[in-house]
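Build the 3D model from these lines:
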Amino acid sequence: METNLDKIKIKLAIRNNNFDKAAQIVYDAFKDSKSNFNISDAYIILGNFFASRENYENSGILTKLLNLKPSTESAILCYHIALQHSNPFAVKKLEQYYFYSKDGKEKNITAMMAIYELGARLNDAYSEYKLGKLYFEGVYCVKDYEKALKHFKKSYILNPDYSSYYLGQMYEKGLGVKKDLKKAFDYYLDGASESAKSKFRLAKIYSSKTLAKAFGTKQNLAVSERYYKEYCEFLENKNEYEYENKEEKIRYCSKFVKNIKKERLEKLKPIMKEVKEENKQQKEQVFDFSLIPQR
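Numbers count the residues shown, from 1 in each chain. Here you go, the predicted structure:
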């Protein structure tokens, strides 16, 4: 926000429940300094303000003067308005409340699916992926592989990072499609840069001769080790509640890495022995100075 006066105007507008006016002030303050900034982005900023206690705590005397407090309901309202203004960033914001029960709010899967549908209409890859995952798992709705495949493929076209692993699973196991391990492997590779699950699956494939051959590739212990390590790094940066059995999975992967290193060393031993033998022979050879041309 550019001036204290803008902050005061926003707070007064919020106190009067005039969110449109508050958003307009935010928009006017940022439109010249931020490229492609629009009114929907202003609502996201307002929502973030209500969602963060830190913003309020750092506001000092002005917050106390206007008697403003963090508000889950106001944050949700701002995110909903942003979505109505066709801003797909609001999907993940609202997901924190309706799907992950942020601030103790009761989970509402019906509302969340409607929000994902709205996001999908805005060509949001994440919304398509989440719809696909819901139909794929069948926990909160009836399992439907045909619908899951449709949403995963739409998400994949928009951004391969989200749905590649699940498309790989569908083709690997023949879920709603004809089983095709080569196609499954290609999907895993496409998602490997961002998807931890794709990394883990590729690590297992590359670690085994039999498995690698089945997927149309070759065993590569170095690549397998790299993917296991990247998967462990991902887990280490996650909270326990975000990733079930985190410590157990890290131990499992670490054990595999240790075994892979041991296997690689065993395979390298004959080669290292040959290299040492060649070096020894070269040292023992007497250089023939007669080979140097005389002036």
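
Quick one: residues in contact with stretch 149-156.
Identification of contacts with stretch 149-156 by C-beta atoms under 8 Å, 6 or more residues apart in numbering yields 120, 125-126, 128-129, 131-132, 135-136, 162-164, 166-167, 170, 176-177, 187, 190. Placement of C-beta: from N, CA and C, glycine included.

Please apply the same query to stretch 176-189.
Under C-beta under 8 Å, 6+ apart, the answer for stretch 176-189 is 145-146, 148-149, 156, 164-165, 167-173, 198, 201-202, 205, 214-217.

With stretch 133-145 instead?
109, 113, 116, 147-148, 151-152, 166, 170, 175-177.

related to what we said a few turns ago, so which of the contacts of stretch 149-156 belong to helices?
Among the contacts of stretch 149-156, the ones falling in helices (DSSP state H) are 120, 125-126, 128-129, 131-132, 135-136, 162-164, 166-167, 170, 187, 190.

so what's Gly168 closest to, chain neighbours aside?
Tyr187 (3.8 Å; C-beta to C-beta, 6 or more residues apart in numbering).

Could you report the pLDDT at that neighbour?
For Tyr187, the pLDDT comes out at 96.

Repeat that for Ala192.
89.

re the thing from before, now the buried members of the contacts of stretch 149-156.
120, 125-126, 128-129, 131-132, 135-136, 162-164, 166-167, 170, 176, 187, 190 (16 or more other C-beta atoms under 10 Å).

Quick one: low-confidence residue ranges for the stretch 1-150 of the chain.
Counting by pLDDT under 70, the ranges of the stretch 1-150 of the chain that qualify are 1-8, 11-12, 15-16, 53-68.

Which residue ranges of it form helices?
With DSSP state H, counting those that start in this stretch, the ranges of helices along the stretch 1-150 of the chain come out as 4-15, 19-30, 39-51, 53-57, 61-66, 72-84, 89-98, 109-121, 125-137, 145-158.

burial count for Ala222?
10 (other C-beta atoms under 10 Å).

so where does it fall, helix or strand?
Using DSSP states H and E, the element containing Ala222 is helix 221-236.
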